[in-house]
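Participant: Just the structure for this:
(4 chains)
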There are 2 protein chains.
Amino acid sequence: MGNNTNAKEKFIETAYKLFEVKGYNGTGLNEILKESGAPKGSLYYHFPNGKEQLALESIKLAGEKIIANLKRTLDKFDNPIDGIVYSTNEIAEIIDKNKKMHDMSISLIALETYDNSEVLRTACEKVFEAIENIYFQKLFDYGFNDDKAKELAVFISAMTEGAILLSLTRKNGEVLRQVGKQIKILTNI
Amino acid sequence: MGNNTNAKEKFIETAYKLFEVKGYNGTGLNEILKESGAPKGSLYYHFPNGKEQLALESIKLAGEKIIANLKRTLDKFDNPIDGIVYSTNEIAEIIDKNKKMHDMSISLIALETYDNSEVLRTACEKVFEAIENIYFQKLFDYGFNDDKAKELAVFISAMTEGAILLSLTRKNGEVLRQVGKQIKILTNI
DNA sequence: GTCTATAAGCAGATAGAC
DNA sequence: GTCTATCTGCTTATAGAC
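Facilitator: Next comes the predicted model:
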């Protein structure tokens, strides 16, 4: 019997890379097929609901990778703000080099789908919530009370997503680095 | 002689509304044509470079509207931070009501085009710069020195864009309101 | 300047052989 | 489970009548 798990995973891996950079509407099924080297029939066997189902799995995968990256980085530091500044600097470097999105944000697909597909919007919402929770836990463990940690986590999530957007648009990581510096100054931790 | 200016402006108005919410890749030319009530030949007469040229004009128009809104709001306040908080609360209300983008951000089209079209990327970059300059001027006029005003302007731009993204994804303006509160606390102005 | 007809290609999706 | 052929409809764009 053929190994269907590998074929399915290959589709998701390929799709998630393309969706993250080119977006949901900007990526055709044919492109995903070509890149993954499989025929169309196989895709629809593994994803009966077609493109939307493939995107759903892609968003979940992207979320897992983003969360894993963020956790790994924050764990290097005791002070949460130092970890966050390091994280923004890491992303800044990637943008300086690749000038492409890669395991940093699902903002594009979130903006493309929040008004069209409740399934995909909810999936994106969950990823953003998970990111916020990582920040919250780090801040809470450091000693902030529940309310303060929650407020700061929302703030840091928004700031980071915005800085990624601006840095991508400008094709350099300067905004991310400036924002990192600024949050260090403002929070004064 | 026919009034070509009106026809052209009508196209831009229609396109900008659709692009802002549905995105560049998510909006077909046929949809713009149908909504504006004009035939295809007319569009290509006014925009020989097709969709990209239409999008370029749409981004410029969106930028003008966003800037005008922001200026008008900030001018109501002497204290820049109070103006910014009011502005984020305004956007939060719009999201609570409409749950759609409308004169608040070009983030979707920026993320869709930064890697495909240098023309559109540059247009988006200019809009973000203009927004940043509005914040800078307000902060500078209030008494911040040049460097500090610049740093805060970048920070506020990023934070606002990120908060809009998260609020749209969650379909409510809570993040924007929380971020507004938080920036008031952190800057302590 | 305006409008219609149409081209050429790609989109997502499906049927059915193997 | 895999693969091919194909369908329908939409995409951007163009040619040419008026």
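
Participant: What residues of the helix or strand of chain A with the lowest mean pLDDT count as buried?
Facilitator: Scoring the helices and strands of chain A by mean pLDDT, DSSP states H and E places helix A:4-22 at the bottom, with a mean of 92. The neighbour-count criterion (16 or more other Cβ atoms under 10 Å in any protein chain shown) identifies A:8, A:10-12, A:14-22 as the buried residues of helix A:4-22. All C-beta spots, glycine's among them, are computed from the backbone N, C-alpha and C.

Participant: ok, now stretch A:63-75?
Facilitator: A:63, A:66-67, A:70, A:73-74.

Participant: And the contacts of the helix or strand hosting residue A:82?
Facilitator: Take DSSP states H and E as the rule and residue A:82 turns out to sit in helix A:80-97. The contact list for helix A:80-97, computed with Cβ atoms under 8 Å, 6 or more residues apart in numbering or on different chains, reads A:70, A:73-77, A:102, A:104, A:135, A:138-139, A:142, A:156, A:160, A:163-164, A:167-168, A:171-174, A:176-177, A:179-181, A:183-184, A:187, A:189.

Participant: where in chain A is pLDDT low?
Facilitator: A:1-5 (pLDDT under 70).

Participant: returning to what we had before: got the buried residues of helix A:4-22 as a markdown table, with distance to residue B:49 columns?
Facilitator: As requested, the buried residues of helix A:4-22 are exported to a markdown table (distance: Cβ to Cβ, whole Å):
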| residue | distance to residue B:49 |
| --- | --- |
| A:8 | 41 |
| A:10 | 38 |
| A:11 | 36 |
| A:12 | 37 |
| A:14 | 32 |
| A:15 | 31 |
| A:16 | 33 |
| A:17 | 30 |
| A:18 | 26 |
| A:19 | 28 |
| A:20 | 28 |
| A:21 | 24 |
| A:22 | 21 |
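
Participant: from these, which is closest to chain B?
Facilitator: Closest approach to chain B among these (Cβ to the nearest Cβ): residue A:21, at 6.1 Å.

Participant: which residues touch that closest one?
Facilitator: A:100-102, A:108, B:115.

Participant: how close does it sit to DNA strand D?
Facilitator: 20 Å (Cβ to the nearest atom of the strand, to the nearest Å).

Participant: same thing with residue A:185?
Facilitator: Distance, residue A:185 to DNA strand D, by Cβ to the nearest atom of the strand: 45 Å.

Participant: what number of residues lie near that residue?
Facilitator: Residue A:185 has 14 neighbouring residues, counting by other Cβ atoms under 10 Å in any protein chain shown.

Participant: what about it, which SS state?
Facilitator: What DSSP: H, G, I helix; E, B strand; the rest coil gives for residue A:185 is helix.

Participant: Also residue A:25?
Facilitator: coil.

Participant: one step back: out of the buried residues of helix A:4-22, the closest to DNA strand D would be?
Facilitator: Nearest to DNA strand D among the buried residues of helix A:4-22: residue A:8, at 7.9 Å, using Cβ to the nearest atom of the strand.

Participant: Now do the same contact list for the closest one.
Facilitator: Per Cβ under 8 Å, 6+ apart, neighbours of residue A:8: A:46-47.

Participant: picking that back up, okay, the buried residues of stretch A:63-75 in CSV with distance to residue B:86 and secondary structure next?
Facilitator: Converted to CSV, these look like this (distance: Cβ to Cβ, whole Å; DSSP: H, G, I helix; E, B strand; the rest coil):
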residue, distance to residue B:86, secondary structure
A:63, 34, helix
A:66, 33, helix
A:67, 34, helix
A:70, 32, helix
A:73, 35, helix
A:74, 33, helix
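
Participant: Tabulate those residues in a markdown table, adding columns for distance to residue A:90.
Facilitator: Formatted as a markdown table, the buried residues of stretch A:63-75 follow (distance: Cβ to Cβ, whole Å):
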| residue | distance to residue A:90 |
| --- | --- |
| A:63 | 18 |
| A:66 | 12 |
| A:67 | 15 |
| A:70 | 10 |
| A:73 | 6 |
| A:74 | 11 |
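
Participant: quick one, helices of chain A?
Facilitator: Along chain A, counting by DSSP state H, helices occupy A:4-22, A:29-36, A:40-46, A:50-74, A:80-97, A:107-113, A:118-142, A:146-170, A:174-187.

Participant: now check stretch A:21-37, is it near DNA strand C?
Facilitator: Yes. Counting by Cβ under 7 Å from any atom of the strand, DNA strand C has neighbours in stretch A:21-37: A:27-31.

Participant: Among those residues, name the buried ones.
Facilitator: Among those, those classed as buried by 16+ other Cβ under 10 Å are residue A:27.

Participant: Export the residues of stretch A:21-37 next to DNA strand C to JSON lines and append columns for distance to residue A:85.
Facilitator: Formatted as JSON lines, these follow (distance: Cβ to Cβ, whole Å):
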{"residue": "A:27", "distance to residue A:85": "33"}
{"residue": "A:28", "distance to residue A:85": "39"}
{"residue": "A:29", "distance to residue A:85": "40"}
{"residue": "A:30", "distance to residue A:85": "42"}
{"residue": "A:31", "distance to residue A:85": "37"}
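
Participant: how about the residues of stretch A:21-37 next to DNA strand C, which pair is most distant?
Facilitator: A:27 and A:30 (9.6 Å; Cβ to Cβ).

Participant: ok, back up a step: name the stretch among the helices of chain A that sits most buried.
Facilitator: helix A:107-113 (a mean of 28; mean count of other Cβ atoms under 10 Å in any protein chain shown).

Participant: which strands and helices sit next to that one?
Facilitator: helix A:4-22, helix A:50-74, helix A:118-142, helix A:146-170, helix B:107-113, helix B:146-170 (3 or more Cβ pairs under 8 Å, 6 or more residues apart in numbering or on different chains; DSSP states H and E).

Participant: Nearest to residue B:35, out of those?
Facilitator: Residue B:35 lies closest to helix B:107-113 among those, at 17.3 Å (Cβ to Cβ).
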